[in-house]
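A.B. asks: Here's my sequence, what's the structure:
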Amino acid sequence: MEELKVIKVGGNIIDDDLALEKFLSQFSSINGPKVLVHGGGKLATKLAKDMNVPVYMIDGRRITDANTLDIITMVYAGKINKNIVAKLQANQCNAIGFTGADGNTILSVKRPVKKIDYGFVGDVKKVNTAAINALLDNDITPVFCAITHDSNGQLLNTNADTIASELAIGLSKHYKTELIYCFEKDGVLLSVTDDNSVIDFMDTGTYETLKIKGTFVDGMLPKLDNCYHALYEGVSKVIIGNPTVISNRNQKFTTLYL
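C.D. replies: Numbering: from 1, shown residues only. Presented below is the predicted three-dimensional model:
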């Protein structure tokens, strides 16, 4: 079975032009089929504040009202996505930018209101692997932003880590899929105040124990939940680390196991 890498980039890398260019150069050098997923929450938060639109986050997830959805669509699907695609073309990596609505690639449903009303937030229900495979078969790299759709004309804000996980799961039926989360840290930290406290290996039991202790905060919680969901659903490998992990494994990073 052919190998495929699904790589999600986020954190401060998106906001740092030099770091992003370096990452995209490394990403472009990967041989074989690959898919890129990007976040952009910090830029969206900055624009929202500049426009006096309130920002509400719960457990690392954004509450998305109509005004917030307009902002993240402009930032994710517009500025960030097209900037990344242009830079990939400059690195001789032929790419096309996507929301989940494009090519009907990722279908979601609006998250039901339980204890919290997240607004226009989507939970992924289906990945159109046939459309994505057609691109990969023609050496085209899909670049997904953190927006999906509900098939009724409604765009939905969808966690980028979740999108990466669901894409990796869907494509694992056709490829030996490796899921890699890249951000500015060297991996998952045992202490958020110590960048050298990288956890090299972590299985489900260790994760649950550390979660109860409150080791993981903010966006790391949904990220790790998505990691283990991917492993349970057939993704062959999940790694979290800084961008050098995609081209040089002789460094610190976190590998996750069941």
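A.B. asks: Look at Val217 and say how many residues are nearby.
C.D. replies: A count of nearby residues for Val217, using other CB atoms under 10 Å, gives 10. For the C-beta atoms, the positions are set from N, CA and C on the backbone; glycine is no exception.
A.B. asks: what about the closest residue to it other than its chain neighbours, which SS state?
C.D. replies: Once flanking residues are discounted, Val217 sits nearest to Val192: 6.3 Å by CB to CB, 6 or more residues apart in numbering. Three-state assignment for Val192 (DSSP: H, G, I helix; E, B strand; the rest coil): coil.
A.B. asks: pretty sure Val192 is touching Gly214, no?
C.D. replies: No: Val192 is not in contact with Gly214 according to CB atoms under 8 Å; the separation is 10.3 Å.
A.B. asks: Who has more neighbours out of the two?
C.D. replies: Taking other CB under 10 Å, Val192 and Gly214 do not tie; Val192 has more neighbours (13 against 7).
A.B. asks: ok, the more buried one to Ile14 distance?
C.D. replies: Per CB to CB, to the nearest Å, Val192 is found 20 Å from Ile14.
A.B. asks: which residues does Leu107 contact?
C.D. replies: With contact taken as CB atoms under 8 Å, 6 or more residues apart in numbering, Leu107 is in contact with 100, 124-128, 148-151.
A.B. asks: Just give me the closest of the residues you listed to Val235.
C.D. replies: Val127 (12.6 Å; CB to CB).
A.B. asks: What is the burial count for Gln26?
C.D. replies: Gln26 has 18 neighbouring residues, counting by other CB under 10 Å.
A.B. asks: ditto for the one 5 residues further on
C.D. replies: One way to gauge burial is a neighbour count; for Asn31, by other CB under 10 Å, it gives 7.
A.B. asks: Check Lys79 too.
C.D. replies: For Lys79, using other CB under 10 Å, the count is 14.
A.B. asks: can you pull the pLDDT of it?
C.D. replies: Reported pLDDT at Lys79 in the predicted model: 95.
A.B. asks: what's near enough to touch it?
C.D. replies: Here Lys79 is in contact with Leu43 (criterion: CB under 8 Å, 6+ apart).
A.B. asks: what are the ranges of the strands in the stretch 101-250 of the chain?
C.D. replies: In the stretch 101-250 of the chain, the segments counted as strands under DSSP state E, counting those that start in this stretch are 106-110, 122-127, 141-144, 147-149, 155-157, 176-182, 201-202, 237-241.
A.B. asks: Please name whichever of those strands is nearest to Val6.
C.D. replies: Closest to Val6 of the strands of the stretch 101-250 of the chain, according to CB to CB: strand 176-182, at 5.1 Å.
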